[in-house]
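> only geometry, no sequence info:
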DNA sequence: AAATTCATGTCGTTT
DNA sequence: AAACGACGTGAATTT
């Protein structure tokens, strides 16, 4: 890694120089110090003075992290534009974006530590066990749904969103599948229902709706039954269908 | 701030010492270096070697950030437990959690910079413009919904979730309100419908459902009309109801 | 621990 | 830019 710069207990003026340099040269920047934060945009917020870690990325992302929690206490998403200045002898980091118009102001009373990094990283994460992989599996092996099922199309358009998988069963019924990678509640039933409604409105008859997921909550199952919709148990990770009980397993 | 420790281009053995010390003493830790990452849990993933910034918080949170994006490329949420070791001369940071069982392994080939911080911060964010504030406003000033509306209860239980606001109108109808702080699509209509269904199932008659939000999409409006549900325009931030047209504004 | 919902959600994709 | 849905969503709240 080239260009690692660090300041320990700098004056706010020294810190400003590093911050402006990091923004200019598109380097990742960390600032640890005592600050207060103002946010105004979709909502508005104020965070009184305290010690936090602020991260400014080359793409404009700003993250302010406290001692706890995955989520930053304040932030600005990628595409925002940052600038720094001195305000009453304090270091002010300002980030703005548009649509929606939002501003984030971080006022550092004291900077304890600031660093700028040039990170070399072109690698992307490979992730397994997503809904898209359930979809591929079903397109390739439609029999995991049921004998005689034919998967005709994925991402088929409807009036209110895309249908994960559309197909036909052995009896010639149309079948709408809604896939979920994890256990789901009644909102997933309603999502399936929207697509089924849509095809019935278009004049299709004999439309079955099947929710495909590892499991569903009780209230989701009630709602499925009330609407005449079905559930099929399927795991995303191993992508193996419901395992039948072994001979040693009794009720 | 007490106890700021920093290592620049340390050996992996030196870095290990700092990491273990930070974990032991519950300090915030940043590690910038070249690493590969393995994740296994609800899904599984692999991130090949590259330079990133890793953040380990005192509460067990782990965040691995690349040059871009708000979201970490890999992470472990708060409550996870971290440990460090040397593995084939490399620094291995391992974090595990249970329910769900998940493990994250960060293998540093080279550490460029590592720092540990004790952050003093007991302050919480004050945030305005949330749904809960729309709710309070409506409980206090029910006339923002309509003349004669009485707000009887918030967070009232139903079979499938809590109703934001439950009340009665001037004609004695029961009224279910679903509040949203921003523009919403058809899924919000279905959420409202679930609560209305539930009260009708319980034998209530004359149940009105009103979606309260700054605006709705076209498909949401269609679905509202098809279901006989209503929409009321209300902003979360200023919390002022839909402004009536001034005399200068014509169609 | 399970269920439910909000969120300044963020992010990807398509229209 | 708007709409729509997935996400290893996270976080809060209640049962």
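Sure thing, it's come through. A quick note: this is a predicted structure, and the numbers were derived from the prediction, not measured. Residues are numbered from 1 along each chain as shown, chains lettered A, B, ... in the order given.
> Tell me which residues touch residue A:190, please.
By Cβ atoms under 8 Å, 6 or more residues apart in numbering or on different chains, residue A:190 lies in contact with A:223, B:187, B:190-191, B:193-194. C-betas here are computed from N, CA, C, even on glycine.
> which two from the residues you listed end up farthest apart in space?
A:223 and B:187 (14.3 Å; Cβ to Cβ).
> Let me see the mean pLDDT of the helix or strand residue A:95 falls within.
Using DSSP states H and E, residue A:95 sits within strand A:90-97. Averaging pLDDT along strand A:90-97 yields 98.
> Each with direction, which strands does it pair with?
Strand pairing for strand A:90-97, using DSSP bridges, gives strand A:81-87 (antiparallel), strand A:102-117 (antiparallel).
> Out of those, flag the one nearest DNA strand D.
For the strands paired with strand A:90-97, the distance to DNA strand D is smallest for strand A:102-117, at 12.5 Å, taking Cβ to the nearest atom of the strand.
> one step back: what about the strand holding residue A:95 and DNA strand D, touching?
No - under the criterion of Cβ under 7 Å from any atom of the strand, strand A:90-97 makes no contact with DNA strand D; the nearest approach is 9.4 Å.
> Work out the gap between that strand and the centre of the chain.
Mean C-alpha position of strand A:90-97 versus that of the full chain (Cα atoms, centre = their mean, to the nearest Å) differs by 26 Å.
> before we move on, what about stretch A:201-208?
Worked out by Cα atoms, centre = their mean, stretch A:201-208 lies 33 Å from the chain centre.
> for that stretch, how far is the first residue from the last?
Stretch A:201-208 has an end-to-end distance of 14 Å (criterion: Cα to Cα, to the nearest Å).
> Tell me which residues of it come out buried.
The neighbour-count check on stretch A:201-208 (16 or more other Cβ atoms under 10 Å in any protein chain shown) flags A:207-208 as buried.
> With stretch A:155-162 instead?
For stretch A:155-162, by 16+ other Cβ under 10 Å, it's A:158-161.
> so what are the domain limits for chain A?
Listed by automatic domain parsing, the domain ranges of chain A are A:2-118, A:131-245.
> who wins for proximity to residue B:7 among those?
It is, among those and with distance given as Cβ to Cβ, domain A:2-118, at 10.7 Å.
> quick revisit: quick check: helices, which of the contacts of residue A:190 are part of them?
In this view, the contacts of residue A:190 that belong to helices under DSSP state H are A:223, B:187, B:190-191, B:193-194.
> Most neighbours of all these, which one?
residue A:223 (25 neighbours; other Cβ atoms under 10 Å in any protein chain shown).
> Might one say that that one is in contact with residue A:184?
No - assessed by Cβ atoms under 8 Å, residue A:223 is found out of contact with residue A:184, at 10.9 Å.
> Get me the contact residues on the stretch 101-250 of chain A for DNA strand D.
Within the stretch 101-250 of chain A, the positions adjacent to DNA strand D are A:127, A:129-132, A:160-162, A:164, A:178-182, A:191, A:194 by Cβ under 7 Å from any atom of the strand.
> redo that, cut-off 6 Å
The stretch 101-250 of chain A comes close to DNA strand D at residues A:127, A:130-132, A:160-162, A:181-182, as judged by Cβ under 6 Å from any atom of the strand.
> least confident pick among these?
Of all of those, residue A:160 carries the lowest confidence score, 80.
> And the helices in the stretch 1-150 of chain A?
A:12-24, A:131-140 (DSSP state H, counting those that start in this stretch).
> what's the least confident stretch among those?
Ranked on mean pLDDT, the bottom entry among the helices of the stretch 1-150 of chain A is helix A:131-140, at a mean of 95.
> Can you tell me which helices and strands it packs against?
Applying 3 or more Cβ pairs under 8 Å, 6 or more residues apart in numbering or on different chains; DSSP states H and E, one finds that helix A:131-140 contacts strand A:150-158, strand A:161-168, strand A:174-179.
> Can you tell me which of the ones you listed is most buried?
Among the helices and strands packed on helix A:131-140, strand A:174-179 has the highest mean neighbour count (mean count of other Cβ atoms under 10 Å in any protein chain shown), at a mean of 24.
> Adjacent strands (with direction) for that strand?
If you go by DSSP bridges, strand A:174-179 pairs up with strand A:161-168 (antiparallel), strand A:207-213 (parallel).
> near DNA strand C, anything from the shortest one?
No - if you take Cβ under 6 Å from any atom of the strand as the test, strand A:207-213 misses DNA strand C, and the best it gets is 11.7 Å.
> how big is the angle separating that strand from helix A:131-140?
Strand A:207-213 runs at 130 degrees relative to helix A:131-140, counting by axes from the mean of the first three to the mean of the last three Cα atoms, to 10 degrees.
> Kindly report the residues of chain A close to DNA strand C.
A:39, A:41-43, A:45, A:74-75, A:77-78, A:102, A:183, A:185, A:187, A:217-219.
> Of those, grab the buried ones for ChimeraX.
What follows is the ChimeraX syntax selecting those of the residues of chain A next to DNA strand C that are buried according to 16+ other Cβ under 10 Å:
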select /A:39,41,43,45,74,75,77,102,219
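> residue of the stretch 101-250 of chain A with the smallest distance to DNA strand D?
Closest contact between the stretch 101-250 of chain A and DNA strand D, by Cβ to the nearest atom of the strand, is at residue A:161 (2.1 Å).
> low-scoring pLDDT stretches of the stretch 101-250 of chain A, where are they?
Low-confidence segments of the stretch 101-250 of chain A (pLDDT under 70): A:237-250.
> try 50 this time
Applying pLDDT under 50 to the stretch 101-250 of chain A flags residues A:238-250.
> ok, back up a step: what about the strands paired with strand A:174-179, which gets the closest to residue B:94?
So among those, strand A:207-213 is nearest, using Cβ to Cβ, at 30.7 Å.
> buried sites along that closest one?
Buried residues in strand A:207-213, counted by 16+ other Cβ under 10 Å: A:207-213.
> Kindly report the same for stretch A:83-92.
Across stretch A:83-92, burial judged by 16+ other Cβ under 10 Å covers A:84, A:90-92.
> residue of the stretch 151-251 of chain A with the smallest distance to chain B?
Closest contact between the stretch 151-251 of chain A and chain B, by Cβ to the nearest Cβ, is at residue A:190 (3.9 Å).
> Of all the helices of the stretch 1-150 of chain A, which one is nearest residue B:18?
The nearest among those, by Cβ to Cβ, is helix A:12-24 at 22.6 Å.
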